[in-house]
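> sequence? don't have it. structure:
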């Protein structure tokens, strides 16, 4: 609750510095508690991907998305990856799984506070709301891909250039 309150108090961008996205992705995938019957894949560049970000908060978002994917996937695969948008102004980061998925009618509410797809599942329903607050404060957007039907695919954008402060 405190995390939400702290992030919600301001619209100001979070302080950013050069951050290696590749290292964060590799580290978070290594930290994930692996389950039998699931293939864990990274779709990332060979070389470092340095972006202006807040490493602590960016890590928190990736960790949460991977943790959710792991919680709701019993077999198949979980993929973490990224790619530069055609405009070259932002990077798209995604977590895809072959888990139970999120029904289309619930997808529009999934980022609301205390919203849970399954009332029996563990958690407060704040994780995705926090992710959305963080991504917004980093200058990006987050959404669930409604076209993906083999589980869930969460995608978020992150600027490749830091905006000048007024």
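Received it, and whenever you're ready, just let me know what you need. Keep in mind the model is a prediction, meaning the values are calculated, not measured.
> Show me where this structure has its helices.
2-8, 21-31, 55-71, 104-107, 127-137 (DSSP state H).
> Quick one: closest of those to residue 151.
Of all the helices of the chain, helix 55-71 sits nearest to residue 151, with 7.9 Å by C-beta to C-beta. Backbone N, C-alpha and C define where each C-beta goes, glycine included.
> Tell me which of the helices of the chain lies nearest to residue 154.
It's helix 55-71; of those, that one is closest to residue 154 (C-beta to C-beta) at 5.2 Å.
> what angle do the closest one and helix 21-31 make?
40 degrees (axes from the mean of the first three to the mean of the last three C-alpha atoms, to 10 degrees).
> For helix 55-71, which helices and strands make contact with it?
Using 3 or more C-beta pairs under 8 Å, 6 or more residues apart in numbering; DSSP states H and E, the elements in contact with helix 55-71 are strand 17-20, helix 21-31, strand 76-84, strand 90-97, helix 127-137, strand 152-159.
> closest one to residue 85 among the helices of the chain?
Judging those by C-beta to C-beta, what sits closest to residue 85 is helix 21-31, at 13.8 Å.
> Please list the residues outside that closest one that contact it.
40, 42, 44-45, 47-51, 53, 55, 58-59, 62-63, 66, 80-82, 91, 93, 158 (C-beta atoms under 8 Å, 6 or more residues apart in numbering).
> From these, list just the buried residues.
In those, burial by neighbour count holds for 40, 44, 49, 51, 53, 55, 58-59, 62-63, 66, 80, 82, 91, 93, 158, counting by 16 or more other C-beta atoms under 10 Å.
> What sits closest to residue 62 if chain neighbours are left out?
residue 28 (4.9 Å; C-beta to C-beta, 6 or more residues apart in numbering).
> Could you count how many residues lie near that neighbour?
Number of residues near residue 28 (other C-beta atoms under 10 Å) recorded here: 22.
> how many neighbours does residue 112 have?
Neighbours around residue 112, by other C-beta under 10 Å: 12.
> how near is it to residue 31?
28 Å (C-beta to C-beta, to the nearest Å).
> Check residue 94 too.
Taking C-beta to C-beta as the measure, residue 94 falls 18 Å from residue 31.
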